[in-house]
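>>> just need the structure, nothing else, for what follows:
(2 chains)
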Amino acid sequence: MIHFHQINKHYGPYHVLKDINLSVKQGEVVVVIGPSGSGKSTLVRCINRLEWVTDGELIVDGMRVNDKSIDINKLRRHIGMVFQHFNLYPHKTVMQNITLAPIQVAGMSKQEAEEAAMVNLDKVGIADKANAFPSQLSGGQQQRVAIARGLAMKPKIMLFDEPTSALDPETIGEVLDVMRKLAQEGMTMVVVTHEMGFAKEVADRIVFMDQGTIIEEAEPAQFFTQPREERARLFLSRILNH
Amino acid sequence: MLIQFSVLTEHLDRYLIGLGGTVAASVVSLLASFVLGAMIAVLCITPVKPLQWVGTAYVEFFRNIPLILIAFFVLVGVPLLTGTVLVPFISGLTALTVYTSAFIAEAIRAGIQSVPQGQMEAARSSGLTYLQAMRYVILPQAVRLVIPPLGNQFLNLVKNSSIFTVLSASDLMYQADLINSDTFDTFSTYIFAALFYLILTIPLSFGIRYLERRFPRVKGVEA
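Numbers count the residues shown, from 1 in each chain, chains lettered A, B, ... in the order given. Sure, this is the predicted structure:
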């Protein structure tokens, strides 16, 4: 579904992604962890070309993402994305947030789009907030709306860029629950997170990054008990034993 | 008496002609500056660098020289370049529009760019094109941010139309100058001119406040 082959990215003088090789199969849940500034978010944002890579080959759903001749909007329809700061449209209701792309991009009728939106709102557990504005919702609720919005185009892949990092501790659980449910339904997911419990439980594979490089790739059971790399061991000891 | 009301009553026809000129100049220039300013703003925010430079150069040149200089350039420069002499009123409109549109472009650009980057990313990542994202996500939020600075520019425009008098185009200020040279009662003449300006600008001020209330800033816009 997603193939990074020898991907490098430079940001001016910064070499933010170094020789990345990574494949994500359909239905797989890959959780990317690592210290701040390690390139996790950049890696995920390359998948739908919010960031351009400098060189290497990146193929997503059969399309060469960095080929200027592809219709990027066509690719993006099939990729839902959830951001750290939700990025809901503050001037639109929950319902309008979710139906914008289905109506404008997929050409659905308003009624069709709203019915589909209700299904997704139901799934994320806030069907009663359809007519609220984002500012009237808690952080956890906003993020669940953002997930419903990401699901609105029936994506093949869902990307999560630190979806719980801006949330109150109390509302993190409700967002993770929704993500867990998605994973169980077989959604292909790439998740950047600091939630180690979630990673351990839901991930099919852990990708550990540091300084723009993938240091280690392993199943969660192995990664959390016996990481191969010293850098991963250090990271885990710092975040797990405090 | 410090203020002679006879100046007003005896020259009311001239004041009204002047008022008409100022209103016409303001309305036409307001529309033209808005359209031109919006186009320049688009240049300033396009991802195409050379267009950006053109837009930025326009804004920085015209908003950083005095309006009266622009008026002289139009008065003298246009005949030199094209061989045709403009009607004074058209010269005035041109100068006023060129000048005001630079400020309007800047206000619109700033409004659009103060909508958080994440809004564009969210819209684009859901498959919307750049133009769709602008239309449905960015501009509706930018409008609310742009109303106050735009309102200021429109007020300035009404007042700056007084530049017409140096081009001998008939506006409130020009007529006031004529009245003054008849009456030699400078204080009274210009006090009434000021009152006529206030008749125009105070309702405009309230109109802008009304719009600000109609389109309140959206809560929860992230910085």
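>>> can we go C-alpha only for contacts and neighbour counts from here?
Will do.
>>> is it true that residue A:4 lies in a strand?
Yes - per DSSP: H, G, I helix; E, B strand; the rest coil, residue A:4 lies within a strand segment.
>>> mind listing what it touches?
A:20, A:21, A:22, A:23, A:56, A:57, A:58, A:59 (Cα atoms under 8 Å, 6 or more residues apart in numbering or on different chains).
>>> which helix or strand contains the residue in chain B positioned nearest to chain A?
For chain B and chain A, the shortest gap (Cα to the nearest Cα) falls at residue B:127, measuring 4.5 Å. Using DSSP states H and E, residue B:127 sits in no helix or strand.
>>> just checking, residue A:47 touches residue A:65?
Yes - under the criterion of Cα atoms under 8 Å, residue A:47 makes contact with residue A:65 at 7.3 Å.
>>> before we move on, back to that, top of the contacts of residue A:4 by number of neighbours, please.
residue A:58 (25 neighbours; other Cα atoms under 10 Å in any protein chain shown).
>>> shaky segments in chain B?
B:216-223 (pLDDT under 70).
>>> what about the residue nearest to residue A:64 when sequence neighbours are not counted, is that helix, strand or coil?
Distances taken as Cα to Cα, 6 or more residues apart in numbering or on different chains place residue A:58 nearest to residue A:64, at 5.9 Å, with adjacent residues excluded. Residue A:58 falls in the strand class when you classify it by three-state DSSP.
>>> pretty sure residue A:58 is touching residue A:9, no?
No - in this structure, residue A:58 is not within contact of residue A:9 by Cα under 8 Å, at 11.7 Å.
>>> elements contacting the longest helix along chain B?
Secondary structure of chain B per DSSP state H: the longest helix is helix B:12-45. Here helix B:12-45 touches helix B:49-62, helix B:88-113, helix B:139-160, helix B:172-183, helix B:186-214, going by 3 or more Cα pairs under 8 Å, 6 or more residues apart in numbering or on different chains; DSSP states H and E.
>>> quick one: the ones you listed as JSON lines, columns for distance to residue B:35 and mean neighbour count too.
Below are these laid out as JSON lines (distance: least, Cα to Cα, whole Å; neighbours: other Cα atoms under 10 Å in any protein chain shown):
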{"stretch": "helix B:49-62", "distance to residue B:35": "14", "mean neighbour count": "16"}
{"stretch": "helix B:88-113", "distance to residue B:35": "8", "mean neighbour count": "24"}
{"stretch": "helix B:139-160", "distance to residue B:35": "13", "mean neighbour count": "19"}
{"stretch": "helix B:172-183", "distance to residue B:35": "25", "mean neighbour count": "20"}
{"stretch": "helix B:186-214", "distance to residue B:35": "19", "mean neighbour count": "15"}
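>>> out of those, nearest to residue A:118?
helix B:139-160 (24.8 Å; Cα to Cα).
>>> show me the contacts for the residue nearest the centre of chain A.
In chain A, the residue lying closest to the centroid (Cα atoms, centre = their mean) is residue A:160, at 1.7 Å. Residues counted as contacts of residue A:160 (Cα under 8 Å, 6+ apart) are A:44, A:81, A:82, A:83, A:189, A:190, A:191, A:192.
>>> name the SS class of it, please.
Counting by three-state DSSP, the backbone at residue A:160 sits in strand.
>>> for the longest helix anywhere in chain A, packing partners?
Ranked by residue count and defined by DSSP H, the top helix of chain A is helix A:169-184. With contacts defined as 3+ Cα pairs under 8 Å, 6+ apart, helix A:169-184 has these neighbours: helix A:139-151, helix A:196-202.
>>> hey, which of the ones you listed is tucked in deepest?
helix A:139-151 (a mean of 27; mean count of other Cα atoms under 10 Å in any protein chain shown).
>>> got the angle for it vs helix A:169-184?
20 degrees (axes from the mean of the first three to the mean of the last three Cα atoms, to 10 degrees).
>>> is helix A:139-151 anywhere near chain B?
Yes - with Cα under 8 Å from any Cα of the partner chain as the criterion, chain B is reached by helix A:139-151 at residue A:150.
>>> could you list the low-pLDDT ranges of chain A?
Chain A contains residues with pLDDT under 70 at A:241-242.
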